[in-house]
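>>> structure here, sequence nowhere to be found:
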C-alpha cells in the first residue's frame, strides 16, 4: 500500500506468468474494510493486461511505465 494525497493505492505483485483469481483476495478484503482505497493494481510476469473482479492487473513492464509516468501514484 502506498498512501497518496488522494488516498491509498494497493499493489499486489506476483512473479508468475499467470494471474489467478486467488491473488486478488487480500486486496478485495482490504477494499471491503477500507472503502477509501483510490486504486488497486495486480502486477505479474504475464503478457497481457487483465481485469478480474474489479481489479486491474498489469504485466510488470506496463506497470513500471505507468508508475514512472505518474499515472498510478500521481494526482
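Structure received. Owing to the predicted nature of the structure, the values given are computational and were not obtained by experimental measurement.
>>> what's the closest non-adjacent residue to residue 36?
Distance criterion CB to CB, 6 or more residues apart in numbering; nearest residue to residue 36, sequence neighbours excluded, is residue 7 at 5.1 Å. No exception for glycine: its C-beta is placed from N, CA and C like everyone else's.
>>> okay, and the beta partners of that neighbour?
With DSSP bridges applied, the residues forming beta bridges to residue 7 are residue 4.
>>> OK, contacts around it?
When contacts are counted by CB atoms under 8 Å, 6 or more residues apart in numbering, residue 7 is found next to 36, 37, 38.
>>> and the last one, what is it in contact with?
Listed by CB under 8 Å, 6+ apart, the contact partners of residue 38 are 4, 6, 7, 8, 9.
>>> swap the cut-off to 6 Å and go again
Contacts for residue 38 (CB atoms under 6 Å, 6 or more residues apart in numbering) come out as 6, 7, 9.
>>> now the strands: where do they sit in this structure?
Counting by DSSP state E, one finds strands in the chain at the ranges 2-4, 7-13, 39-44, 50-52, 55-59.
>>> got the angle between the last one and strand 39-44?
Between the axes of strand 55-59 and strand 39-44, defined by axes from the mean of the first three to the mean of the last three CA atoms, to 10 degrees, the angle is 40 degrees.
>>> starting from strand 55-59, tell me which strands it pairs with and how they run.
Here strand 55-59 is paired, per DSSP bridges, with strand 39-44 (parallel), strand 50-52 (antiparallel).
>>> tell me the mean pLDDT over stretch 14-33?
Stretch 14-33 shows a mean pLDDT of 94 in the predicted model.
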